[in-house]
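**Student:** Predicted coordinates and the sequence they were generated for:
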Number of protein chains: 10
Amino acid sequence: MLFHVEMVVSLPHDMPEDVANEIKTRERQYAQDLQTQGKWRHLWRIAGSYANVSIFDVESNSELHELLSNLPLFPYMDITVRPLCRHPSSIRDDDR
Amino acid sequence: MLFHVEMVVSLPHDMPEDVANEIKTRERQYAQDLQTQGKWRHLWRIAGSYANVSIFDVESNSELHELLSNLPLFPYMDITVRPLCRHPSSIRDDDR
Amino acid sequence: MLFHVEMVVSLPHDMPEDVANEIKTRERQYAQDLQTQGKWRHLWRIAGSYANVSIFDVESNSELHELLSNLPLFPYMDITVRPLCRHPSSIRDDDR
Amino acid sequence: MLFHVEMVVSLPHDMPEDVANEIKTRERQYAQDLQTQGKWRHLWRIAGSYANVSIFDVESNSELHELLSNLPLFPYMDITVRPLCRHPSSIRDDDR
Amino acid sequence: MLFHVEMVVSLPHDMPEDVANEIKTRERQYAQDLQTQGKWRHLWRIAGSYANVSIFDVESNSELHELLSNLPLFPYMDITVRPLCRHPSSIRDDDR
Amino acid sequence: MLFHVEMVVSLPHDMPEDVANEIKTRERQYAQDLQTQGKWRHLWRIAGSYANVSIFDVESNSELHELLSNLPLFPYMDITVRPLCRHPSSIRDDDR
Amino acid sequence: MLFHVEMVVSLPHDMPEDVANEIKTRERQYAQDLQTQGKWRHLWRIAGSYANVSIFDVESNSELHELLSNLPLFPYMDITVRPLCRHPSSIRDDDR
Amino acid sequence: MLFHVEMVVSLPHDMPEDVANEIKTRERQYAQDLQTQGKWRHLWRIAGSYANVSIFDVESNSELHELLSNLPLFPYMDITVRPLCRHPSSIRDDDR
Amino acid sequence: MLFHVEMVVSLPHDMPEDVANEIKTRERQYAQDLQTQGKWRHLWRIAGSYANVSIFDVESNSELHELLSNLPLFPYMDITVRPLCRHPSSIRDDDR
Amino acid sequence: MLFHVEMVVSLPHDMPEDVANEIKTRERQYAQDLQTQGKWRHLWRIAGSYANVSIFDVESNSELHELLSNLPLFPYMDITVRPLCRHPSSIRDDDR
């Protein structure tokens, strides 16, 4: 089941650089693990912004929330979720 | 080059049903042609709305505009475009 | 799986009264059928508005979209969907 | 009498973790007490957000305000209240 | 129990003048009846707008919705409702 | 002459509690004095918010600004002012 | 007493040109009369828009509403009113 | 003197095609004349929209308004104007 | 050439009072100098807000920007600029 | 390929002046280098704001993002990007 997720990051300006870097390193690892598992299907940067557009493929709303709320950057993100479904004009079956 | 495109459709309530159906049939054919060509990479319905989220893969802004402005439903759509690029944490090279 | 759905209705002012009534009668029957089946869990009127807040309990995003897009009033509604999940402080297991 | 309440939480980033935890523990206890009393009828997490949608069942606007303003997280919440009433198409008498 | 209600009127430009006048006459009579009964406590015009701010004093959300949805101008109004309660600094007991 | 005034309070989270209490005590005294003088005609709490809706009865815009800008909480408030006048359907002469 | 008034005009596209012209002629005459009387102190066009920014000088909110609601273009305008008062740094006493 | 102008076009859906074409032909001629004169410095299409971003180079606000209000599409456009000036980091003197 | 300028001031709550007062004193002197020179034509307080509406009369966009960016309160202001021109119904030639 | 980019700067009020100046100096150098290379085609100040409107000419979305995210002021900017293309009524070929 697919979900459209937008994440906008805003780190506090007074966060020490090493703290920020440590969080970003964990974030990247976490994101890559979920992509490898197939749960984080797509991950794109919005040009010019510290933000991304993502497609998640999960079993349920609960699984989605668990994945998102465990993001290392979660406390510093504004997240918007929209449920997707297959478009009747789509030619791809796995864009379910 | 990828673009994130949202399309919200609103047909005038007084459009005759056969006119609407004819436009929708052409729209579907047009969308499927572009998907087959690889230019319209993803096409999802937003659950509960007469709207979609799409990913286009084109050579330039001009090509994108030409594809979108030729949509049979273009005069009845509110379209928002955002340029995407590869996310540094993405594991997929073709999510360029 | 629960979804929070808001529906705001705006009928065209020039719709004949009997047409409006016929649509509303079908809408009520449809809504009551879905409630009886347990798919439309809650349905509340927002005081002072021709609008409702609803909770749907469905298997998937696709089922949700199918139920909503078949509403007789669908062409005259502005619908907003938000996925819900169980709150960690909830005492009720079936508020899943 | 039912009210639709949305609560969005934003804790200051510099709040010490033990202070935050102590407030959250009290919040959970408070929320569960009100649910047990039947005053906080439903409590759902909005997937992907540190926010909830709730249904309160109270005697009056004043009781609602008293319950909400005593939330331990109240100073850190943005709260929106909308009065609900029974929908004419509802099949459930207690969705009053 | 008090509610703050804002009503913004927008009549279709092609409504015949006698139809508009007949609706407005019924609206005025209805508004004055509710004021006489004490249910429509205050009614003010917002300077420069075809809009009003009102205070209703009713037993419940349901009564409020019934009163508002029976306004002759209801189909042509955009209505916003907010529940009020006594302010701790108020010196007037009946501003309950 | 009546004005509709909305005040939304947001105290800085790091304001010491005794400072906050001292300001609130002065605010309450100030509000009650103006109510006694008849200048602050109505004062209601918006349920669920640290905000109020008020009706002021003053001689001029300048008097209104002087009263509002002297509120002890003024530096911490977001204030919206709208001029009111008697509604043609009002039955109360002093809702001038 | 001064008020800041913004008026945005939107005439229906199907209004016959002679009807529009007749309304505009009356509007101009009305505006010039009020300017001559000193009640409509300033009248500026916002460059690029069918809209104006105006300063009115009236005795009361009621007088302002009466002047505005009698504008021949009133049914086709979106009007915003804000009360002004003398700025403490102003060097001009009559910018009261 | 430079101005940033955005124009969003929305033609009524019931405008006959030949009327629309005649207006667009005049619009194009008018736009090209102003570009040739150097007054309409830049004209870009916003990809995916029936809208443009333009830079005008005029003597005054009045000249700008006169040029814009004479656009054949003016009655069907939503126009936003922002005054520009030379940026201190610009390397081009004529980006005045 | 006239410009409509709105300035909303928000001083940081932790700015020492003497620093704030020193800035405000310079701001007032600066504003009065520009008014004396005829460049800051009108300056009004918006009732109930720490904000003003002003009319500037300058030679160019650049002069306007220079005047505004030198305001002592500039770093603490949210400023909105709109170009004005003479309204065809104005009776005052100097409202150019 | 052209992009319309708006940048709004907001420096934290507690940033030491020498730190701010050092960042601004690097920003200016960076901006002038990109202008010299032809990648930052236009750069205008929005009158009255600490903001600019820019036109970038780049090979791809990725190049645009790389240029923007390397701006020394990037962490303190709110950036909006819109893809442009040649307007059919443009007379300039290089406004591609």
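**Tutor:** Right, received. Where do you want to start? Predicted model, so just to flag it, every value in this text is computed and none were measured.
**Student:** Helix or strand: which one has the spatially most central residue of chain A?
**Tutor:** Computing the C-alpha centroid of chain A and ranking residues by Cα atoms, centre = their mean puts residue A:54 first, at 5.1 Å. Residue A:54 belongs to strand A:51-57 when assigned by DSSP states H and E.
**Student:** In chain A, which residue sits closest to chain E?
**Tutor:** When you check chain A against chain E by Cβ to the nearest Cβ, the closest residue turns out to be residue A:80, at 24.3 Å. Heads up, the C-betas are built off the backbone N, CA and C, glycines and all.
**Student:** So for that residue, what's the nearest residue that isn't a sequence neighbour?
**Tutor:** What sits nearest to residue A:80 in space, not counting adjacent residues and going by Cβ to Cβ, 6 or more residues apart in numbering or on different chains, is residue A:6, at 4.6 Å.
**Student:** helix/strand/coil for residue A:94?
**Tutor:** Going by DSSP: H, G, I helix; E, B strand; the rest coil, the secondary structure assigned to residue A:94 is coil.
**Student:** Next, count neighbours for it.
**Tutor:** Using other Cβ atoms under 10 Å in any protein chain shown, the number of residues around residue A:94 comes to 9.
**Student:** picking that back up, what helices or strands is the strand holding residue A:54 leaning on?
**Tutor:** Strand A:51-57 sits against strand A:2-9, strand A:40-46, with contacts defined as 3 or more Cβ pairs under 8 Å, 6 or more residues apart in numbering or on different chains; DSSP states H and E.
**Student:** The following helix or strand past that strand to strand A:2-9, inter-axis angle?
**Tutor:** Sequence-wise, the next helix or strand downstream of strand A:51-57 (DSSP H and E) is helix A:61-69. Here the directions of helix A:61-69 and strand A:2-9 differ by 20 degrees (axes from the mean of the first three to the mean of the last three Cα atoms, to 10 degrees).
**Student:** Identify each buried residue in helix A:61-69, please.
**Tutor:** Across helix A:61-69, burial judged by 16 or more other Cβ atoms under 10 Å in any protein chain shown covers A:61-65, A:67-69.
**Student:** what about the longest helix in chain A?
**Tutor:** When chain A is scanned for its longest helix (criterion: DSSP state H), the result is helix A:17-36.
**Student:** quick one: is that helix near chain B?
**Tutor:** Yes - residues of helix A:17-36 contacting chain B under Cβ under 8 Å from any Cβ of the partner chain: A:27-28, A:31-32, A:35-36.
**Student:** Now restrict those to buried residues only.
**Tutor:** For the residues of helix A:17-36 next to chain B, a neighbour count by 16+ other Cβ under 10 Å gives the buried set as A:27, A:31, A:35.
**Student:** Tabulate the residues you listed (TSV), appending pLDDT and distance to residue G:16.
**Tutor:** Below are those laid out as TSV (pLDDT from 0 to 100; distance: Cβ to Cβ, whole Å):
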residue	pLDDT	distance to residue G:16
A:27	98	62
A:31	98	61
A:35	97	62
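**Student:** Which ones among the residues you listed also lie next to chain F?
**Tutor:** The overlap between those and the neighbourhood of chain F (criterion: Cβ under 8 Å from any Cβ) is empty.
**Student:** quick one: contacts for the closest residue to residue A:75 other than its chain neighbours?
**Tutor:** The spatial neighbour of residue A:75 that comes closest, neighbours along the chain excluded (Cβ to Cβ, 6+ apart), is residue D:13 at 7.1 Å. Listed by Cβ atoms under 8 Å, 6 or more residues apart in numbering or on different chains, the contact set of residue D:13 reads A:12, A:15, A:75-76.
**Student:** just residue A:62 next, same as before
**Tutor:** When contacts are counted by Cβ under 8 Å, 6+ apart, residue A:62 is found next to C:1, C:85-86, C:96, D:47.
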